[in-house]
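1. Quick one, structure for this:
(one chain, ligands or ions: 1)
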Amino acid sequence: MAVDTAAYTEQTEIQRDITEMVRQFVDEQIIPNAEHYDHEDSFPEPIVEQMKELGLFGVTIPEEYGGMGLDLTTYAMIVEELSRGWISISGVVNTHFIGSYLLMKFGTDEQKDHFLPKMATGEIRAAFSLSEPEVGSDVQGIKSTAKKGDDGSWELNGQKMWVTNGLGSGVVFVLIKTDPKAEPPYKGMTCFITEKEPWKEVNEGDFAGLTVPPKIKKMGYKGVESTELVYDGYRCPPERVLGGEGDGVGQGFVQMMDALEVGRVNVAARGVGIAQRALELALRYSQERKTFGKPIAQHQAIQFKLADMATKVEAARLLTRKAARLKDAGERSDLEAGMAKLLASETGKECVEECFRIHGGYGYSKEYEIERLYRDAPLLLIGEGTSEIQRMVIGKKLLQRHAV
Ligand SMILES: Cc1cc2nc3c(=O)[nH]c(=O)nc-3n(C[C@H](O)[C@H](O)[C@H](O)COP(=O)(O)OP(=O)(O)OC[C@H]3O[C@@H](n4cnc5c(N)ncnc54)[C@H](O)[C@@H]3O)c2cc1C
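-> Model prediction:
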């Protein structure tokens, strides 16, 4: 029997260097400042500017367009580190990453040349919009429509909901119905690349017809804005149909679902990051706080909590990286991405709750970081498909792969 004598390593040298660099950035710039931006619910502009300098908006964009050209696995490692600091920061890059994925996979050469270099530097940031006021999980039920006008442009009308980076973004990848009679409905949907003025509530000139209502007030995930978007007679030129009119019209649903698969790995990485931070905080606090004459970490009940947390973090990390590696290897990863998203987001929530319990009354105080994590973690159970939807995806794929 052959024995593998190579030293065990989880990361390549490049991955190690990058995650160490990001970890240092998180420890020095994000963790000490997150409380301020969370409290004010204000956009962390100085942190985002530094992320631009570090090249973090172009991690997966090919080098020929000015990015780093790294794979999904390395990106997931970076997202884990950022989320360990504050998940809102990973929210600033998440929709941008999905937008660049859509362009790289489906965009025309002109679309890639036009957007990717500016996206790699973070000069323009991207948002991604499926959800509507009446539709989240059941994406085929969207109501927004686009109609082709006599001048060849498309007129977009409808209301979108929960758009992360909805105000600050310069481009929104938006799913719209172009054939309301299509059966099944997904065949009549198209992804439009809609440009807008960053940070402008009422767009004018070429972008007239797109308004951004005031940001939605949220329980957590502060700092990064979530908004509605109102398209009211917005004109989108034909060359801004993702993939071009010939290949792109009617393909939007399939394109967006493909992007959600990588998006799920990304949310899974966020779950691992927040769970890891909860574990770190619990390890520290439990060794400092004393009850009944000894640090609470010396009580077996607390040690069991720490043991369960650490085990779950490690399992979620491994599954997340497996899903990312499968995708990088060009293999199907829909099942694994769903599993990773389900396990890691639930692990994030569970570890945060255990850390909160370990903090006793102080966990309820805004002076402790765990209070913010407690408000941030639930988002991961919802965004990019709820846990129920992940179970539906996993169940369906299992039965497809093991049909009798
Ligand atoms: C902070 C935040 C940021 C977001 N950012 C974005 C974004 O950038 N872009 C974007 O497009 N969307 C975004 N979303 C929207 C998000 O993707 C949706 O909220 C999510 O998909 C759930 O949809 P919903 O809220 O309409 O819930 P619903 O679909 O109404 O579901 C309600 C409940 O019913 C359950 N349910 C639904 N269908 C079934 C079923 N068939 N079987 C069993 N249970 C079911 C769900 O799991 C959930 O528990 C964001 C949401 C939040 C909160």
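2. what's around K217, how many residues?
-> 8 (other Cβ atoms under 10 Å). Placement of C-beta: from N, CA and C, glycine included.
3. Provide the secondary structure category for it.
-> Following DSSP: H, G, I helix; E, B strand; the rest coil, we place K217 in the coil state.
4. ditto for the one 10 residues further on
-> Secondary structure, three-state DSSP: T227 is strand.
5. low-confidence ranges in the stretch 1-150 of the chain?
-> The model of the stretch 1-150 of the chain has pLDDT under 70 over residues 1-2.
6. And the residue of it closest to the ligand?
-> G136 (1.8 Å; Cβ to the nearest ligand atom).
7. residues touching that residue, list them.
-> 161-162 (Cβ atoms under 8 Å, 6 or more residues apart in numbering).
8. now swap in E35 and tell me
-> Applying Cβ under 8 Å, 6+ apart, the residues near E35 are 366, 369, 372.
9. Just give me the closest of those to V22.
-> Proximity of the contacts of E35 to V22 (Cβ to Cβ) peaks at E369, which lies at 18.7 Å.
10. count of residues packed around E134?
-> 11.
11. looking at it, it is touching G158, isn't it?
-> No. Counting by Cβ atoms under 8 Å, E134 does not reach G158; the two are 11.0 Å apart.
12. shared neighbours, those two?
-> Counting by Cβ under 8 Å, 6+ apart, the residues touching both E134 and G158 are K143.
13. In the chain, which helix is the longest?
-> helix 252-288 (DSSP state H).
14. Name every strand pairing with the next helix or strand after it and say which way it goes.
-> Going down the chain from helix 252-288, the next helix or strand is strand 290-291, by DSSP states H and E. Strand 290-291 pairs in its sheet with strand 294-295 (antiparallel), by DSSP bridges.
15. helix or strand right after the partner strand?
-> Taking DSSP H and E, what comes next after strand 294-295 is helix 300-328.
16. Show me which residues of that next one are buried.
-> 302, 305-306, 309-310, 312-313, 316-317, 319-328 (16 or more other Cβ atoms under 10 Å).
17. and what of stretch 86-106?
-> 86-103, 106.
18. How about stretch 163-183?
-> 163-178.
19. which of the residues you listed come close to the ligand?
-> 163-164 (Cβ under 6 Å from any ligand atom).
20. closest to the ligand among the buried residues of stretch 163-183?
-> Using Cβ to the nearest ligand atom, the buried residues of stretch 163-183 come closest to the ligand at T164, 3.5 Å.
21. Look up how far A329 lies from the closest residue in space to V262 that isn't next to it in sequence.
-> Leaving aside its sequence neighbours, V262 sits nearest to Y101 (Cβ to Cβ, 6 or more residues apart in numbering; 5.5 Å). In this view, Y101 and A329 are 16 Å apart by Cβ to Cβ, to the nearest Å.
22. Likewise for R321?
-> 12 Å.
23. Quick check: Y285 vs D38, distance?
-> For Y285 relative to D38 (Cβ to Cβ), the value is 19 Å.
24. ok, now D138?
-> From D138 to D38 the distance is 32 Å (Cβ to Cβ).
25. can you check L54 too?
-> Counting by Cβ to Cβ, the gap from L54 to D38 is 22 Å.
26. One more: S387?
-> 25 Å.
27. more crowded one of those two?
-> D38 (22 against 16).
28. picking up where we left off before, do I have it right that the residue nearest to V262 meets E261?
-> No. Counting by Cβ under 8 Å, Y101 stays clear of E261, with 9.5 Å between them.
29. returning to what we had before: where is pLDDT lowest across the contacts of E35?
-> The lowest pLDDT within those belongs to K366, with 94.
30. Now for it, how many residues are close by?
-> Applying other Cβ under 10 Å, we find 10 residues neighbouring K366.
31. Let's verify it: helix, strand, or coil?
-> coil.
32. State the phi and psi torsions of it.
-> Dihedral pair for K366: phi -70, psi -10, per degrees, to the nearest 10.
33. Distance check, it against the ligand.
-> 20 Å (Cβ to the nearest ligand atom, to the nearest Å).
34. what about that residue, distance to G273?
-> Relative to G273, and taking Cβ to Cβ, K366 is found at 21 Å.
35. Kindly report the same for K396.
-> 28 Å.
36. Looking at these two now, which is surrounded by more residues?
-> G273 (31 against 13).
37. Contact partners for the nearest residue to that one once chain neighbours are set aside?
-> Excluding the flanking residues, the one nearest G273 by Cβ to Cβ, 6+ apart is S83, at 2.9 Å. By Cβ under 8 Å, 6+ apart, the residues touching S83 are 89-90, 269-274, 277.
38. Could you verify that F356 is part of a helix?
-> Yes. Counting by three-state DSSP, F356 falls inside a helix.
39. quick one: contacts for it?
-> 363-364, 370, 373-374.
40. try it again with 7 Å
-> 363, 370, 374 (Cβ atoms under 7 Å, 6 or more residues apart in numbering).
41. Return the member of the residues you listed nearest to the ligand.
-> Y374 (15.5 Å).
42. isn't that closest one right next to V352, touching?
-> Yes. Between Y374 and V352 there is a contact under Cβ atoms under 7 Å: 5.7 Å.
43. What parts of the stretch 1-150 of the chain come near the ligand?
-> So far as Cβ under 6 Å from any ligand atom goes, the stretch 1-150 of the chain lies against the ligand at 95, 128-131, 136-137.
44. Let's verify the residue nearest the centre of the chain: helix, strand, or coil?
-> With distances taken as Cα atoms, centre = their mean, N94 lies nearest the centre of the chain, 3.7 Å away. Recorded secondary structure, N94: helix (three-state DSSP).
45. One more: Q15?
-> Strictly by three-state DSSP, Q15 counts as helix.
46. So what's the residue count around the residue nearest to it when sequence neighbours are not counted?
-> Leaving aside its sequence neighbours, Q15 sits nearest to T74 (Cβ to Cβ, 6+ apart; 5.2 Å). By other Cβ under 10 Å, 21 other residues sit near T74.
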